[in-house]
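take a look and give me a structure for this.
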Amino acid sequence: MNNHLDLKLIESCRKGDRSAQRVIYDRLAPRMLPLCIRYVGDRELAEDVLQDGFVTLFTHIADYKGDGSFEGWARKIFVTTALMELRRKDALKMSEDLEVIRGMKTDTVSQMQNIGYKDLMRIITQLPPGFRTVFNMYAIEGYSHKEIGEILGISETTSRTQLSRARTWLQNKLKEIENV
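Below is the predicted model of the structure:
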């Protein structure tokens, strides 16, 4: 979104202007839907999360103070909405048997070079929910382990462990693809 015009759109949204809301929806939805899919792992559920996120965004648009980009502010709303959905479904219970991942390498760089972006995003959506959540927050959204721990109510160590397990899971999935 771009400065002066966007500030007018945001101000119009604050006043309840439906056409301004539609413009913001049309600009943000194509960027936020993939984010929602990455977190919840299911397109249909992601579309519900997207709608809930827009309800929250338009309800709280007066809270946007103009510090930083509007899209960055909105992105946090969609991440939070997706996390709330996962928490509601109790999907953030960290799963996966430790024995399954014991002794495996986490270097997936060479395997990831041979796979396309869309295929990689599809594989990420298949991660178990707890792994996917931490992986998205750390590797894609750029949260620190401390921030992840605070947001999810887990320790930094648990966040690091879940990231390591996610990487191992991805490595194994990529090996399966290579062997097909």
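
can we go C-alpha only for contacts and neighbour counts from here?
Noted.

what residues does stretch 57-70 touch?
For stretch 57-70, contacts defined as Cα atoms under 8 Å, 6 or more residues apart in numbering pick out M1, I10, C13, R14, Q21, W73, A74, I77.

between those, which is closest to D52?
For the contacts of stretch 57-70, the residue nearest D52 by Cα to Cα is I77; the value is 9.7 Å.

can I get the CA coordinates of the helix or strand harbouring the closest one in PDB?
Per DSSP states H and E, I77 falls inside helix 70-88. Extracted C-alpha coordinates of helix 70-88, given in PDB (Å, rounded to 0.1, in the frame of the first residue of the first chain):
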ATOM      1  CA  PHE A  70      -0.100  -0.500   7.400                       C
ATOM      2  CA  GLU A  71       0.500  -3.900   5.800                       C
ATOM      3  CA  GLY A  72       2.900  -4.800   8.500                       C
ATOM      4  CA  TRP A  73       0.400  -3.800  11.100                       C
ATOM      5  CA  ALA A  74      -2.300  -5.800   9.300                       C
ATOM      6  CA  ARG A  75       0.000  -8.800   9.000                       C
ATOM      7  CA  LYS A  76       0.200  -9.000  12.800                       C
ATOM      8  CA  ILE A  77      -3.600  -9.100  13.000                       C
ATOM      9  CA  PHE A  78      -3.800 -12.000  10.600                       C
ATOM     10  CA  VAL A  79      -1.000 -14.000  12.300                       C
ATOM     11  CA  THR A  80      -2.700 -13.400  15.700                       C
ATOM     12  CA  THR A  81      -6.100 -14.500  14.200                       C
ATOM     13  CA  ALA A  82      -4.500 -17.700  12.800                       C
ATOM     14  CA  LEU A  83      -2.800 -18.400  16.200                       C
ATOM     15  CA  MET A  84      -6.100 -17.900  18.000                       C
ATOM     16  CA  GLU A  85      -7.800 -20.400  15.700                       C
ATOM     17  CA  LEU A  86      -5.100 -22.900  16.300                       C
ATOM     18  CA  ARG A  87      -5.300 -22.300  20.000                       C
ATOM     19  CA  ARG A  88      -9.100 -22.700  19.900                       C
END
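
run through the protein and note the low-pLDDT ranges.
For the chain, the stretches with pLDDT under 70 are 1-5, 90-117, 180.

if we go to 50?
For the chain, applying pLDDT under 50 flags the ranges 1, 94-113.

where do the helices of it begin and end?
With DSSP state H, the ranges of helices along the chain come out as 3-14, 18-40, 43-59, 70-88, 98-101, 109-112, 117-125, 129-135, 145-152, 156-178.
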